[in-house]
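Colleague: Quick check, what structure comes out for this input:
(one chain, ligands or ions: 1)
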Amino acid sequence: MPDALALMRLNHELAYWRRAWRVPVLWWRDDDAREPTWQLDKLLEIRADVPVTLAVIPDVDLHPLANRLSGVAGVTIAQHGVDHENRLPEGGPRSEFAPDAPQVAINAALAAGRARLMAAGLPPTTFVPPWNEASERLITAIGAAGYETFSSGIHGRSREGLRHIGAQVDILRWKGTPHFRGRRRIFDALRLQLETRREQAVFDEPIGILTHHLVHDDEAWRFMRWFVEYAQHRFAWRGLAELCKPAAVTAAAGVAADPLFASRVGAVG
Ligand SMILES: [Zn+2]
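Modeller: Residues are numbered from 1 along each chain as shown. Here you go, the predicted structure:
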């Protein structure tokens, strides 16, 4: 059974880590929240006490979301763009900003989104570009909005003054209707992340698990419920605030600013 074999190989890799007295670091990013929904309730229930980062789209009244999250421990907020509307032609790379949008307008839009989150009591810790956009103009605006980190998918990389915290393992496939990626693919993706860290001796480089609560099918929910339990004693979950501390990742292992093996495991957001 391929799932079982993939899990066996993942467990085998984890055994290498244990023998080296290393515990791999995981963090959890969930995208596209705007307001309280039953799916958000389900996410918060399933994660138990695992820290989670919600990437929030700041184009609605954010107070209902803030109310839902008040008193909920272990939730960090990220700014997820401005309004998640694509303004480039369909079929190509996507962006919230038209090709001729002036830099000052992009900067202002990001800053306004951040201000809305702050005003609602949801101060963002980092920025998550919709569709993993990595254009120079967006990177410039992220820095100008005061962020020191950002998080995109598997191809993200740190820039001057802007550290990247990747979310490499997407539990969904985006071809057609979003649907569960499948256990085998997820186990393999996770194992490749682990192998590369071990081979490069960057044991503390976090691995990001990426979810999208609004479009999970039953299988995706079932997997995450199982995975929280599975990961409990095999990985160390970390909150984003901890990962964003400047020394947390880079100092211990001497990690280069560049990403790990951007080409090896595909994940589309
Ligand atoms: Zn999104």
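Colleague: Give me the residues contacting the top strand by length along the chain.
Modeller: Ranked by number of residues, the top strand in the chain under DSSP state E is strand 25-33. Outside strand 25-33, the residues within contact range by Cβ atoms under 8 Å, 6 or more residues apart in numbering are 40, 43, 47, 50-57, 65, 78, 80, 84, 128, 151, 165, 167, 204-214, 231, 235-240, 243, 269. Heads up, the C-betas are built off the backbone N, CA and C, glycines and all.
Colleague: Quick check: mean pLDDT of that strand?
Modeller: Here strand 25-33 scores 98 as its mean pLDDT.
Colleague: rewinding a little: could you identify the buried members of the contacts of strand 25-33?
Modeller: Neighbour-count burial (16 or more other Cβ atoms under 10 Å) is assigned, among the contacts of strand 25-33, to 40, 43, 47, 50-57, 65, 78, 80, 84, 128, 151, 165, 167, 204-213, 231, 235, 237-240, 243, 269.
Colleague: Please report how far residue 112 lies from residue 60.
Modeller: Residue 112 sits 14 Å away from residue 60, going by Cβ to Cβ, to the nearest Å.
Colleague: How about the residues of this protein by the ion?
Modeller: Counting by Cβ under 5 Å from the ion, the residues of the chain lying close to the ion are 31, 32, 130.
Colleague: Please name the bridge partners of the first one.
Modeller: Taking DSSP bridges, one obtains residue 55 as the residues bridged to residue 31.
Colleague: which stretches of the protein form helices?
Modeller: For the chain, the helices defined by DSSP state H occupy 2-19, 38-46, 63-69, 103-119, 136-144, 183-200, 218-231, 240-244, 246-253.
Colleague: Point me to the residue of the stretch 51-200 of the chain nearest the ion.
Modeller: Here the stretch 51-200 of the chain gets closest to the ion at one residue, residue 130, 4.7 Å apart by Cβ to the ion.
Colleague: what about that residue, how many neighbours?
Modeller: As a burial measure, residue 130 scores 22 neighbours (other Cβ atoms under 10 Å).
Colleague: Now do the contacts for the closest residue in space to residue 145 that isn't next to it in sequence.
Modeller: In this structure, residue 145 finds its nearest non-sequential neighbour in residue 110, 4.4 Å apart by Cβ to Cβ, 6 or more residues apart in numbering. Contact analysis of residue 110 by Cβ under 8 Å, 6+ apart lists 79, 82, 127, 141, 142, 144, 145.
Colleague: Using JSON lines, lay out those together with pLDDT.
Modeller: Below are the contacts of residue 110 laid out as JSON lines (pLDDT from 0 to 100):
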{"residue": "79", "pLDDT": "98"}
{"residue": "82", "pLDDT": "98"}
{"residue": "127", "pLDDT": "98"}
{"residue": "141", "pLDDT": "97"}
{"residue": "142", "pLDDT": "97"}
{"residue": "144", "pLDDT": "97"}
{"residue": "145", "pLDDT": "97"}
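Colleague: And the residue lying closest to residue 99 once chain neighbours are set aside, its phi and psi?
Modeller: Nearest non-adjacent residue to residue 99, counting by Cβ to Cβ, 6+ apart: residue 88, 6.8 Å away. Dihedral pair for residue 88: phi -110, psi 160, per degrees, to the nearest 10.
Colleague: and stretch 69-89, how far apart are its ends?
Modeller: With Cα to Cα, to the nearest Å as the measure, stretch 69-89 spans 36 Å from end to end.
Colleague: correction: stretch 86-99
Modeller: Stretch 86-99 has its terminal residues 11 Å apart, counting by Cα to Cα.
Colleague: Which residues does that stretch contact?
Modeller: 81-85, 101, 105-106, 109, 130-131, 133, 135, 137-138.
Colleague: Mind giving me the PyMOL select for those residues, buried ones only?
Modeller: To isolate the buried ones among these in PyMOL, judged by 16+ other Cβ under 10 Å, type:
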select buried, resi 81+82+84+106+109+130+131+133+137+138
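Colleague: Need the max-distance pair from the contacts of stretch 86-99.
Modeller: Distance extremes for these: the farthest pair is 105 and 131 at 19.1 Å, using Cβ to Cβ.
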